[in-house]
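Q: turn this into a model:
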Amino acid sequence: MQTEVTIQNIQAVAKEIWSQYHHYKVWAFHAAMGSGKTTFIHALCDVLGVTDAVGSPTFSIINQYRMADGQTLYHLDLYRINDDEEAVQAGVEEVLYSGDYCMVEWPDKIPGLLPDDALQLQIEPLNDSTRRITITIPE
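A: All right, here's what the predicted structure looks like:
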């Protein structure tokens, strides 16, 4: 699946993507710095009724949110992680295999830990206000 997203339609796009792919527990967001990974995850959290303050866990590595239905959603920013070992020490592996929802920024930092059944989302800037999201379903 491929779709374009802007600030004007981000909530609708997040809602549509969630409705189609919510059965995947781990979502891996691939994109360059500043491409909108955190912004899109924030929109997903809004759609899911998260009332906690949603922000990038760049320094904390993992943020935990409560969805409106009571389920847990983890937001991971692995930019500062150097390897799988460091990720394990930070609790990343435990969270990824917890059975809870996980939204993962910079998944390429942990190639040996990311579950094989993670949904892959590529975000590509088309211009200053538009992004293309390409979703790849795991085989």
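Q: surely residue 106 and residue 81 touch.
A: Yes - with contact defined as C-beta atoms under 8 Å, residue 106 counts as touching residue 81 (7.4 Å). C-beta here means a position set from N, CA and C on the backbone, and glycine is covered the same way.
Q: the residue nearest the centre of the chain sits in which helix or strand?
A: Centroid-nearest residue in the chain: residue 103, 2.8 Å away (criterion: C-alpha atoms, centre = their mean). According to DSSP states H and E, residue 103 maps onto strand 101-105.
Q: now do that strand: distance to the chain's middle.
A: Relative to its parent chain, strand 101-105 has a centroid offset of 4 Å by C-alpha atoms, centre = their mean, to the nearest Å.
Q: contacting residues for residue 17?
A: Neighbouring residues of residue 17 by C-beta atoms under 8 Å, 6 or more residues apart in numbering: 1, 3, 44, 133, 135.
Q: kindly report the same for residue 18.
A: With C-beta under 8 Å, 6+ apart, residue 18 has these contacts: 44, 47, 48.
Q: run through who's touching stretch 110-130.
A: Residues external to stretch 110-130 that are found in contact with it (C-beta under 8 Å, 6+ apart): 4-7, 21, 24-32, 35-37, 40, 78, 81, 83-84, 87-88, 92-93, 96-97, 104, 107, 131-138.
Q: make a PyMOL selection of the buried ones in those.
A: Those of the contacts of stretch 110-130 that count as buried under 16 or more other C-beta atoms under 10 Å are selected in PyMOL with:
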select buried, resi 5+24+25+26+27+28+29+30+31+35+36+37+40+78+81+84+87+92+93+96+104+107+131+133+135
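Q: picking up where we left off before, how about the contacts of residue 17, which pair is most distant?
A: 1 and 44 (15.3 Å; C-beta to C-beta).
Q: which one's more surrounded, those two?
A: Each of residue 1 and residue 44 has its neighbours counted (other C-beta atoms under 10 Å); residue 44 has more, 24 against 12.
Q: what residues of the strand or helix carrying the more buried one count as buried?
A: Element membership for residue 44 (DSSP H and E) is helix 37-47. Judged by neighbour count using 16+ other C-beta under 10 Å, the buried positions of helix 37-47 are 37, 38, 39, 40, 41, 42, 43, 44, 45, 47.
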